[in-house]
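S.K.: This is a predicted model, with the sequence first.
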Amino acid sequence: MILDTNVLIQLERELRKGETGPATSFLEKLPQGRICITPTIAGEFCSGISMADRGLWDEALAPYEMLEITRETGWIYGAVYRDLATRGELIGANDLWIAATAMTHGLPLATGNASEFERVRGLIVVQV
């Protein structure tokens, strides 16, 4: 399972406030297994003011496996882009990289932005 940036942001907010919200509840219900992020997600997460401290950012991301962006990921990115463009349903470039990385590694994507990612054929999307 890959956690999208908006899930990490929500989780960070819930932890800071000491609340159990949708992101915390979602993670608590997940069976044991791989919980991953991508370099794109890590970069998006770092761009927020609350993660401006490198140590805090490293600590927040430490529990998650960092997936690689490979040559295959690039190929899938291009194929998905062409498909979405042909249908007039493009999504943002960062979301395309996240989707392509998930597809490369055969993992579902947990997101609070399912309507965007559900446009990508073949991507397993889990709404959080």
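M.R.: Looks like it arrived, so ask away.
S.K.: contacts for stretch 89-97?
M.R.: The contact list for stretch 89-97, computed with C-beta atoms under 8 Å, 6 or more residues apart in numbering, reads 38, 40, 44, 69, 73, 77, 80-81, 84, 99, 113, 116-117, 119-120. From N, CA and C alone the C-beta is placed, and that goes for glycine too.
S.K.: Any quick ChimeraX command for the buried ones out of those residues?
M.R.: Of the contacts of stretch 89-97, the buried ones can be selected in ChimeraX as follows, counting by 16 or more other C-beta atoms under 10 Å:
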select :38,40,44,73,77,80,81,84,99,113,116,117,119,120
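S.K.: The contacts of stretch 89-97 in strands, which ones?
M.R.: Among the contacts of stretch 89-97, no member falls in strands (criterion: DSSP state E).
S.K.: Show me the contacts of stretch 89-97 that map onto helices.
M.R.: If you go by DSSP state H, the contacts of stretch 89-97 have 40, 44, 73, 77, 80-81, 84, 99, 116-117 in helices.
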